[in-house]
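Trainee: Let me see the structure of the following:
(one chain, ligands or ions: 1)
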Amino acid sequence: MHTTDTPEIWFLCGSQHLYGPGPLKQVAENAQKIAATLGASPRIQGARVIYKALLTTPAEITRIMAAADAGETCAGLILWMHTFSPAKMWIRGLAALKKPLLHLHTQFHRDLPWGTIDMDYMNLHQSAHGDREAAHLHTRLRLDRKIVVGHWTEPQVHDRIDAWARAARAWHDWQGARILRLDDNMRQVAVTEGDKVAAEIRLGFTVNSHGIGDLAERIAAVPEKAADALAADCLAAYAPAPALRKNGARHASLRDAARIELGLRALLDETGAKALTDTFEVLHGLNQLPGLPIQRLMADGYGFGGEGDWKTAALVRAMKVMGRGLKGGASFMEDYTYHLDPANPLVLGAHMLEVCPTIAAPGRKPSLEIHPLGIGGKGDPVRLVFDARPGDAVNASLIDLGNHFRLVVNEVTAIKPPRPLPRLPVARALWRCRPDFRTALAAWLHAGGAHHTAFSHAVTTEMLEDFAAIAGIELALIDRDTRLGDFKTRLRLNDHYYATAQGLRN
Ligand code: MN
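Mentor: As a prediction, the model looks like this:
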């Protein structure tokens, strides 16, 4: 994947000097043991948890928060108060902190030592009240942190930390990220628009446009041998239609797609972009809309949004980073067509071409095909065709409401198509919505969710919830518990809350 290394999460333990050097030494040893256990946990793959410090003075706290903010490898902080740490010591440091924060509410010893418990034990195991003092300040500072409760050896505690670490890693990846936007967004379309300045202020990535000529130039410069080699790789990697094979009637189209992919890679490398958009309306110098090339770039970890949709491109990238190493991938998606049988209503998701093969059902190679495309006025594009894997998934949309960003998420279950779709020339996913079709769709429309989404089997609601909290943006979640009336009320309240919470700084 085109990404940085796995970032660090710094484990910080709070205390004070009241207890003397002996207990503080014990506190530091215990904190190191917890951090080492989390760092070595096979359940925590999102980032590397490392022990950083025992903090007992305002100066130490302020210094380490500044170091975390400046640290390029640090994606977030885990705080834990083994003993009582008066929270006013933390104000200066936490008020300035920009990095994501997780408050681990745990205790070193799991069980009360009923027969031997004395005041020494009580004085060392104070997180029950020490963490309350800390959390009061976090709330007072309106820090949107994650709180994980339970003993530090519990698998569920590790899983909660991993979900947050994955969100923190995706957020870390967004900061300073570049998104390559070829030309503009599709004419007259509203939902793919947005305030790119607000996005950079609030979300950290920058969107820069290039003319399609910049891509056409790089495509023209691709050596013939390189195009031949990539076309051969594609024939081996997928199940090609006979016409696309080496001596087939349409092999030249596959070579064209290979040239486009190499041209896109050259431009992505030059600009250092992690995601890209294009639009079928502006393809000067290209002889087909990029289908296969975009599908392969997404499989390598690049984000993508069609028709100039840079918000979805950024979200696809973030969800690829979040889900890295987990089963199932992430893809650009569009809610395309419905099956409106009242007994079994379904959504058929697809796009003109660009669905990522990381979400394909396992067991068979995607088929490499060529078909006409009714729009764009160019040659027939080459594309991969497959069914998405069955299983639980999330469908997410990032929208700009003018005064704040909203992340709309629907929990869905992808299913195997009940019958083959032999004439559908694009990759597709078929899913059921939670809590039910009517509620989910009405909620999605009320929330203003786009037709473009990022779809993933690997990413969970919890990761997206943590991500929205880190980003300070609204999450509109449509899940098994959603009731339309409550959902609409929450949208109205959130509209007010987020406009107020971020104030004029947007
Ligand atoms: Mn579209």
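
Trainee: So what's the residue count around whatever residue of the chain ends up closest to the ion?
Mentor: Here the chain gets closest to the ion at one residue, residue 306, 4.2 Å apart by CB to the ion. (Glycine included, C-beta is placed from N, CA and C.) Other residues within reach of residue 306, judged by other CB atoms under 10 Å, total 23.

Trainee: does any bit of whichever strand or helix holds residue 398 sit next to the ion?
Mentor: Element membership for residue 398, per DSSP states H and E: strand 391-400. No: Strand 391-400 stays clear of the ion (CB under 5 Å from the ion), getting no nearer than 12.1 Å.

Trainee: just checking, what packs against that strand?
Mentor: The contact analysis (3 or more CB pairs under 8 Å, 6 or more residues apart in numbering; DSSP states H and E) places strand 391-400 against helix 310-322, strand 405-414, strand 428-433, strand 452-456, helix 461-471.

Trainee: what sits against the residue of the chain closest to the ion?
Mentor: 277, 278, 279, 280, 312, 332, 334, 351, 352, 354, 452 (CB atoms under 8 Å, 6 or more residues apart in numbering).

Trainee: tell me the angle the strand holding residue 398 makes with helix 461-471.
Mentor: Relative orientation of strand 391-400 with respect to helix 461-471: 20 degrees, computed using axes from the mean of the first three to the mean of the last three CA atoms, to 10 degrees.

Trainee: Which strands border strand 391-400, and is each parallel or antiparallel?
Mentor: strand 405-414 (antiparallel), strand 452-456 (antiparallel) (DSSP bridges).

Trainee: Residue 189 is nearest to which of those strands?
Mentor: Taking CB to CB, strand 452-456 is the member of the strands paired with strand 391-400 nearest to residue 189, at 9.7 Å.

Trainee: Break down the stretch 101-250 of the chain into its strands, ranges please.
Mentor: 101-105, 146-149, 178-182, 206-210, 239-240 (DSSP state E, counting those that start in this stretch).

Trainee: TSV please, covering these and showing mean pLDDT, mean neighbour count and distance to the ion.
Mentor: As requested, the strands of the stretch 101-250 of the chain are exported to TSV (pLDDT from 0 to 100; neighbours: other CB atoms under 10 Å; distance: least, CB to the ion, whole Å):
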stretch	mean pLDDT	mean neighbour count	distance to the ion
strand 101-105	98	22	36
strand 146-149	98	18	33
strand 178-182	98	23	15
strand 206-210	97	16	18
strand 239-240	98	18	26
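
Trainee: Phi first, then psi, for the residue of the chain most remote from its centre.
Mentor: Residue farthest from the centre of the chain, counting by CA atoms, centre = their mean, is residue 115 at 48.6 Å. Main-chain torsions, residue 115, degrees, to the nearest 10: phi -80, psi -20.

Trainee: Let me know the pLDDT of it.
Mentor: As predicted, residue 115 sits at a pLDDT of 97.

Trainee: List, one by one, the residues from the stretch 251-400 of the chain near the ion.
Mentor: 306, 307, 334.

Trainee: try it again with 6 Å
Mentor: Residues of the stretch 251-400 of the chain found near the ion, taking CB under 6 Å from the ion as the criterion, are 306, 307, 334, 351.

Trainee: helix, strand or coil for residue 347?
Mentor: Here residue 347 is recorded as strand under DSSP: H, G, I helix; E, B strand; the rest coil.

Trainee: could you list every residue that touches it?
Mentor: 335, 336, 337, 338, 339, 412, 430, 431, 432, 433, 437.

Trainee: Next one: it from residue 155, what distance?
Mentor: Distance, residue 347 to residue 155, using CB to CB, to the nearest Å: 34 Å.

Trainee: Next: residue 375.
Mentor: Using CB to CB, one gets 50 Å for the distance from residue 375 to residue 155.

Trainee: do residue 308 as well
Mentor: 43 Å.

Trainee: cool, residue 257 as well?
Mentor: Distance from residue 257 to residue 155, by CB to CB: 45 Å.

Trainee: before we move on, what about residue 114?
Mentor: Using CB to CB, we find residue 114 at a distance of 26 Å from residue 155.

Trainee: Nearest residue to residue 10 in space, ignoring adjacent ones along the chain?
Mentor: Spatial nearest neighbour of residue 10, excluding adjacent residues (CB to CB, 6 or more residues apart in numbering): residue 52 at 4.0 Å.

Trainee: what do you get for residue 383?
Mentor: residue 291 (3.7 Å).

Trainee: Not counting residues beside it along the chain, what's closest to residue 158?
Mentor: The spatially closest residue to residue 158, leaving aside those adjacent along the chain, is residue 43, at 3.9 Å (CB to CB, 6+ apart).

Trainee: My error: substitute residue 323 in the last question.
Mentor: Distances taken as CB to CB, 6+ apart put residue 458 closest to residue 323, at 3.1 Å, once the chain neighbours are dropped.

Trainee: which residues touch the residue nearest to residue 189 when sequence neighbours are not counted?
Mentor: Using CB to CB, 6+ apart and skipping the chain neighbours, the partner closest in space to residue 189 is residue 307 (6.4 Å). Residue 307 makes contact with 185, 186, 189, 192, 277, 279, 280, 281, 452, according to CB under 8 Å, 6+ apart.

Trainee: quick revisit: pick out whichever of residue 114 and residue 155 has more residues nearby.
Mentor: Taking other CB under 10 Å, residue 114 and residue 155 do not tie; residue 155 has more neighbours (10 against 6).

Trainee: So the more buried one versus residue 148, what's the distance?
Mentor: Taking CB to CB, one finds residue 155 at 12 Å from residue 148.

Trainee: Which strand or helix spans residue 270?
Mentor: Assigned by DSSP H and E, residue 270 falls in helix 251-271.

Trainee: Mean confidence (pLDDT) on that helix, please.
Mentor: Here the average pLDDT along helix 251-271 is 98.

Trainee: List the buried residues in it.
Mentor: Neighbour counts over helix 251-271 (16 or more other CB atoms under 10 Å) mark 251, 253-268 as buried.

Trainee: what's the angle between that helix and strand 178-182?
Mentor: 140 degrees.

Trainee: and helix 251-271, what does it pack onto?
Mentor: Against helix 251-271 (3+ CB pairs under 8 Å, 6+ apart) you get strand 178-182, strand 206-210, helix 212-220, helix 224-237, helix 292-299, strand 367-370, strand 382-385.
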